[in-house]
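Novice: Prediction below, plus the sequence it came from.
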Amino acid sequence: MADTSYNENQEPAHKRRVRYKGTHPRSYKEKYKELQPEKYADTVAKVIKKGGTPAGMHISIMVKEILDFLQIRPGQVGLDATLGYGGHTLAMLKCLEGQGHIYGLDVDPIESAKTRERLEKLGYGPEILTVKLINFANIDQVAEEGIDTIQSADTLEELAEKINVPVDAFVATVERYNELVDKGSDDDFGKRAEIMVKITEPPFYAGQLKATLLSASGGLHSDEYARVLDADAKPIEHLWVAGTCAGDFHGSGDYPTICPGINHGRCLTFGRIAGIEAAGGTVDEIESYDIKMASGGGIGRSTL
């Protein structure tokens, strides 16, 4: 009878690597080198250098672009609605420089635990990172627990310190604004006089507002064929324009926010017109056809 007793000094049996057809692994499980980065670091480095993502690894995309947009500063509170591997969260945590807090949401208990442990080993523990197992659709639950982007204080000086801005400059800005309210004219930013109110009675509040460029009221002069016009309103040969670069669209000079989709609509419409014209065709030769609206039951006519 064979001896099946276990010897603690006995070396574990060698496990053969996964076998696969051909000269290169194709499926996820066959890429055994990529799945063992600690043993095959050179292989993983080659895959990344070629622009690929090694099996079992996650590489976050557009990290720089996101940070450029958010402009994260120490002391702020933020939220990553899809924690995942934690790549974007890690980048945001670095921006905080140890001051502030990040909340990460995910519904995967296994991966969330791994990500929390991974980030904690990098120095980002519960004092600066909170991981919650909830869907981002329930983000209101997190807000109710204390994520507050609005700060308040009884003095302007205290409020300036809370939002991490120079105290003297902040107080001077408010005083300047109050002077313009008394004057009845916002000479600095053009705010309408009827909506200007003095900031004098505590408590004082401050919150961060961010804007993105959805559209533009100005742009290059153009005609109905998307041709760019010169100073004499004559088409410039071989030059078309579409999208937010095109002017002469918002007649009032102001973007009508009560009309959803107007910017996307003109981008698609005049983009197609410009393409047809640039290719040597003309929209005048395209037959009209009926369009049934998705809602409202209306029927329109289109030449596109």
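Specialist: Noted; the coordinates are in hand. Numbers count the residues shown, from 1 in each chain.
Novice: In the stretch 51-200 of the chain, where is pLDDT below threshold?
Specialist: Scanning the stretch 51-200 of the chain for pLDDT under 70 picks out 51, 53, 55-58, 143-150.
Novice: All the helices of it, residue numbers only.
Specialist: Chain-ordered helices for the stretch 51-200 of the chain, with DSSP state H, counting those that start in this stretch as the definition, fall at 63-70, 87-96, 109-121, 139-144, 156-162, 167-183.
Novice: so which of those helices gets nearest residue 77?
Specialist: In terms of C-beta to C-beta, the element of the helices of the stretch 51-200 of the chain nearest to residue 77 is helix 87-96, at 9.2 Å. Bear in mind the C-beta positions are built from the backbone N, C-alpha and C, glycine included.
Novice: what sits up against that closest one?
Specialist: Contacts of helix 87-96 from elsewhere in the structure, counted by C-beta atoms under 8 Å, 6 or more residues apart in numbering, are 58-60, 63, 66-67, 70, 72-76, 78, 80, 83, 102, 104, 115, 119, 122, 124, 128-129.
Novice: For the chain, just list every one of the strands.
Specialist: Taking DSSP state E as the test, the strands found in the chain are 77-80, 101-105, 129-132, 150-153, 204-207, 227-229, 235-240, 289-292, 299-302.
Novice: Let me have the ones you listed in CSV, extended by distance to residue 36 and mean neighbour count.
Specialist: Converted to CSV, the strands of the chain look like this (distance: least, C-beta to C-beta, whole Å; neighbours: other C-beta atoms under 10 Å):
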stretch, distance to residue 36, mean neighbour count
strand 77-80, 28, 18
strand 101-105, 27, 22
strand 129-132, 27, 20
strand 150-153, 48, 14
strand 204-207, 48, 14
strand 227-229, 57, 19
strand 235-240, 54, 14
strand 289-292, 56, 9
strand 299-302, 58, 9
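Novice: quick one: which of these is nearest residue 279?
Specialist: Checking these against residue 279 by C-beta to C-beta gives strand 235-240 as the closest, at 10.5 Å.
Novice: could you give me the average pLDDT of that closest one?
Specialist: Strand 235-240 carries an average pLDDT of 94.
Novice: Now do that strand: which elements does it pack against?
Specialist: In this structure, strand 235-240 makes packing contacts with strand 227-229, helix 262-278, judged by 3 or more C-beta pairs under 8 Å, 6 or more residues apart in numbering; DSSP states H and E.
Novice: elements contacting the first one?
Specialist: Same thing as strand 227-229. strand 235-240.
Novice: Neighbouring strands - and their directions - for the strand it packs on?
Specialist: Strands adjacent to strand 235-240 in the sheet, as given by DSSP bridges, are strand 227-229 (antiparallel).
Novice: circling back: can you redo the helices of the stretch 51-200 of the chain as TSV with mean neighbour count and distance to residue 192?
Specialist: As requested, these are exported to TSV (neighbours: other C-beta atoms under 10 Å; distance: least, C-beta to C-beta, whole Å):
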stretch	mean neighbour count	distance to residue 192
helix 63-70	12	29
helix 87-96	19	36
helix 109-121	14	47
helix 139-144	12	32
helix 156-162	18	24
helix 167-183	13	12
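Novice: Mind putting the ones you listed into CSV with distance to residue 235?
Specialist: Formatted as CSV, the entries for the helices of the stretch 51-200 of the chain read as follows, by distance: least, C-beta to C-beta, whole Å:
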stretch, distance to residue 235
helix 63-70, 36
helix 87-96, 46
helix 109-121, 56
helix 139-144, 50
helix 156-162, 54
helix 167-183, 45
